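Asker: I would like the atomic coordinates for the input below:
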Amino acid sequence: MGIDPALGTLLAANLFDDPKLRSAHIVGGFWPLPEEIDIRPLLHALHDRRQRICLPVTGRRGHPLTFHEWHPETELSTGRFGTSHPDGARLVPDLLLMPLLGFDRQGTRLGYGGGYYDRTIAALPGAWRYGCAFAAQEFDSLPSGPYDAPLHAVATELGLRHFG
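Answerer: Below you'll find the predicted structure:
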């Protein structure tokens, strides 16, 4: 799959005015890895709209992610698995933007296998869950386990789809 930086700008345009995102007090985003869709245009646009943004820190295996406040001028530290995160104040997001390997038409999310987002979702049951992906990452159906919470929506460069 070719990774065009402009695709993140399209995702941002598709998601920016969604009512759930617009009303979120604290948005938990992520700093994209090279193979993930680039949501940085969205993070900057949300910051410009004066929404609070936080990024995840991957802690010890078996624990949920923690989130720390991010601003465009924030210096990032290198975390586990090549991730990047701020060292700012710890925040609790009420909306999550999540990377994924794949998603299906029922809102099932295929993650990276560490269970960090599964534990995070369990710890934040009221948080709205958006998957952020390339449209090419969609599957007809994916397996789902007892700890898998479906996404509320998926944003791609082609549009925004809500589930259930």
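
Asker: Residue ranges in this protein under the pLDDT threshold?
Answerer: Counting by pLDDT under 70, the chain contains low-confidence ranges at 1-3, 5.

Asker: all strands in this protein, in order from the N-terminus.
Answerer: In chain order, the chain shows strands spanning 26-28, 52-57, 66-70, 77-78, 84-85, 90-91, 95-99, 102-104, 109-110, 128-132, 138-139, 153-156, 159-162, with DSSP state E as the criterion.

Asker: could those be laid out in a markdown table, adding distance to residue 42 and mean neighbour count?
Answerer: Heads up, the C-betas are built off the backbone N, CA and C, glycines and all. Putting the strands of the chain into a markdown table (distance: least, CB to CB, whole Å; neighbours: other CB atoms under 10 Å) gives the following:
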| stretch | distance to residue 42 | mean neighbour count |
| --- | --- | --- |
| strand 26-28 | 9 | 23 |
| strand 52-57 | 10 | 23 |
| strand 66-70 | 12 | 20 |
| strand 77-78 | 21 | 10 |
| strand 84-85 | 16 | 20 |
| strand 90-91 | 17 | 15 |
| strand 95-99 | 7 | 24 |
| strand 102-104 | 17 | 20 |
| strand 109-110 | 18 | 21 |
| strand 128-132 | 8 | 25 |
| strand 138-139 | 19 | 14 |
| strand 153-156 | 8 | 24 |
| strand 159-162 | 12 | 15 |
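
Asker: Identify the bridge partners of residue 131.
Answerer: With DSSP bridges applied, residue 131 shows beta-bridge pairing to residue 98, residue 154.

Asker: So it is in contact with residue 103, correct?
Answerer: Yes. Shown here, residue 131 and residue 103 form a contact pair, counting by CB atoms under 8 Å, at 5.1 Å.

Asker: Give the residues shared as contacts by the two.
Answerer: Between them, residue 131 and residue 103 share these contacting residues under CB atoms under 8 Å, 6 or more residues apart in numbering: 109, 151, 154.

Asker: my read: the second one touches residue 109, true?
Answerer: Yes. Taking CB under 8 Å as the contact criterion, residue 151 and residue 109 are neighbours in contact, 5.3 Å apart.

Asker: any residues in contact with both of those two?
Answerer: Shared between the contact lists of residue 151 and residue 109 (criterion: CB under 8 Å, 6+ apart) are residues 98, 103, 129, 131.

Asker: Output those as CSV; include the columns distance to residue 76.
Answerer: Formatted as CSV, the entries for these read as follows, by distance: CB to CB, whole Å:
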residue, distance to residue 76
98, 18
103, 26
129, 24
131, 23
